[in-house]
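> after the sequence you'll find the predicted model.
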Amino acid sequence: MLNLQSNSGGSYIRFMAQTKSWENSSKEVINIESMVMDLESVRTGWLLLAVGQRDWVEDAQVGVKGKQPSPDYKYGFSVKLFSKPTGVVEWCANGVGVTKGFQAIYNACDKLADQNPGKVPVIKYEGATSLKIGAGNTAIPNFTLKNWINRPAALDADPADADFEEPAPPAPPVRQAAKPKPAPAPVQQDDEEMFN
């Protein structure tokens, strides 16, 4: 259990609860459908998000709350996701609705992880459910677990390597045509035979 409750650099995505949409690190609205979730990358901790400020204080152990640095920090999570449209991105959040949505899909995947060694889950975004909290409103992103696939190489690439591209599958071996057999050497005939 992650026990997520609410009281970096590189590419990232954010879930925008007010519009139930996703935004990338360039502040562009993006369409998220299916993504690979790297369960090994999941971290929990205290996150401070403010205008021009971001500070992350990671738990020593996932799901075991460390000391809250100040009341401005809310408990949240960080996870690495991969899809062809976005590449590898970090999703880090501490909002009530978003942590509820993430915890639900994380728990579903974590239960089946031992049955899928060496594989990673593919999750699908299924819209969001509105939620009223006190005087405010939020939204919970809904996900379903589609299937498990072999771990994409992109998840292990250095995110600082801007030139990284997902490697193409190896080309099938080229079959070489059989070498033609040499024609038999002509039989040498005596001069007499040639004119007979």
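That came through, no problem.

> quick one, longest strand in this protein?
The single longest strand within the chain, with elements called by DSSP state E, is strand 34-50.

> for Y12, the count of nearby residues, please.
Counted with other CB atoms under 10 Å, residues neighbouring Y12 total 19. Bear in mind the C-beta positions are built from the backbone N, C-alpha and C, glycine included.

> now E33
When neighbours are counted by other CB under 10 Å, E33 comes out with 11.

> quick one, phi/psi of it?
The phi/psi pair for E33 (degrees, to the nearest 10) reads phi -120, psi -90.

> hmm, it is touching K124, no?
Yes. With contact defined as CB atoms under 8 Å, E33 and K124 form a contacting pair (6.4 Å).

> now the strands: where do they sit in the protein?
Along the chain, counting by DSSP E, strands occupy 12-16, 21-24, 29-30, 34-50, 53-58, 74-83, 87-93, 119-133, 136-150.

> out of those, flag the one nearest N107.
strand 136-150 (10.3 Å; CB to CB).

> from the contact counts, what lies against the closest one?
Applying 3 or more CB pairs under 8 Å, 6 or more residues apart in numbering; DSSP states H and E, we find strand 136-150 packed against helix 96-112, strand 119-133.

> in JSON lines, list the ones you listed along with distance to R43, mean neighbour count and mean pLDDT.
Output for the helices and strands packed on strand 136-150, formatted as JSON lines (distance: least, CB to CB, whole Å; neighbours: other CB atoms under 10 Å; pLDDT from 0 to 100):
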{"stretch": "helix 96-112", "distance to R43": "12", "mean neighbour count": "19", "mean pLDDT": "96"}
{"stretch": "strand 119-133", "distance to R43": "16", "mean neighbour count": "16", "mean pLDDT": "94"}
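
> tell me the contacts of Y106?
When the contact criterion is CB atoms under 8 Å, 6 or more residues apart in numbering, the partners of Y106 are L2, M37, L39, V42, F77, V79.

> closest to Q18 among these?
F77 (20.0 Å).
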